[in-house]
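> When you get a sec, could you give me coordinates for this:
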Amino acid sequence: MKRRVNITLDELTQVFEFSSDEMTHYLNIETGKVAMYSNLTGGFDEHGEEIKNANAFADPKYVEIWGIHPYEVFRDMENFVETLADGLLKERLKAILTARSAFHRFKEELTKNPGEHQRWLVFKKECCLKRIYDWLDDNDLEIERD
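As a prediction, the model looks like this:
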């Protein structure tokens, strides 16, 4: 049986999108609040209290939130490009993905085409939601409120 957690999908989405290699987020499954910890600076529990030791999050009430890694976003970008009907835009974006500063240049190129840019934002959000639901399933959790 899944445990119900008092957190919204929007709150989880923000945490998933804000993830980084330096910062780890934890969901307190009892309160539905998110805590964070950085190996560089320490962190804060879900009440805003400073935490200096990551062992504080070994308590079973905390579940690590995976977040989205840059390589996953890059893969999403590649998958999105394959959905494009405009061959010229598709080739430009493929070239961008093989060059430096791909993330910035990808976004910059898509903003020149508002319709495809909007479609990318929807595609990216759907990818994020899938990762969130996979994480919830893997941790036997479900969202209590929307």
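
> which one's the longest helix in the protein?
The longest helix of the chain (DSSP state H) is helix 114-138.

> what does that helix rub up against?
The contact list for helix 114-138, computed with C-beta atoms under 8 Å, 6 or more residues apart in numbering, reads 2, 9, 12-13, 16-17, 65-66, 68, 72-73, 76, 79-80, 83-84, 86, 89, 110-111, 141-143. Heads up, the C-betas are built off the backbone N, CA and C, glycines and all.

> Ok, stretch 52-65 next?
12, 15-16, 19, 24-30, 34-35, 37, 39, 42-43, 45, 51, 135, 139, 141.

> run the last query once more with 6 Å
Taking contacts as C-beta atoms under 6 Å, 6 or more residues apart in numbering, the residues outside stretch 52-65 that touch it are Val15, His25, Tyr26, Leu27, Asn28, Ile29, Glu30, Tyr37, Gly42, Asn139.

> is it possible to export these to TSV including distance to Phe57?
TSV is the format used below for those (distance: C-beta to C-beta, whole Å):
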residue	distance to Phe57
Val15	14
His25	10
Tyr26	5
Leu27	10
Asn28	9
Ile29	12
Glu30	13
Tyr37	6
Gly42	12
Asn139	14
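
> Which two of the residues you listed have the greatest separation?
For these, the maximum inter-member distance is 24.6 Å, found between Gly42 and Asn139 (C-beta to C-beta).
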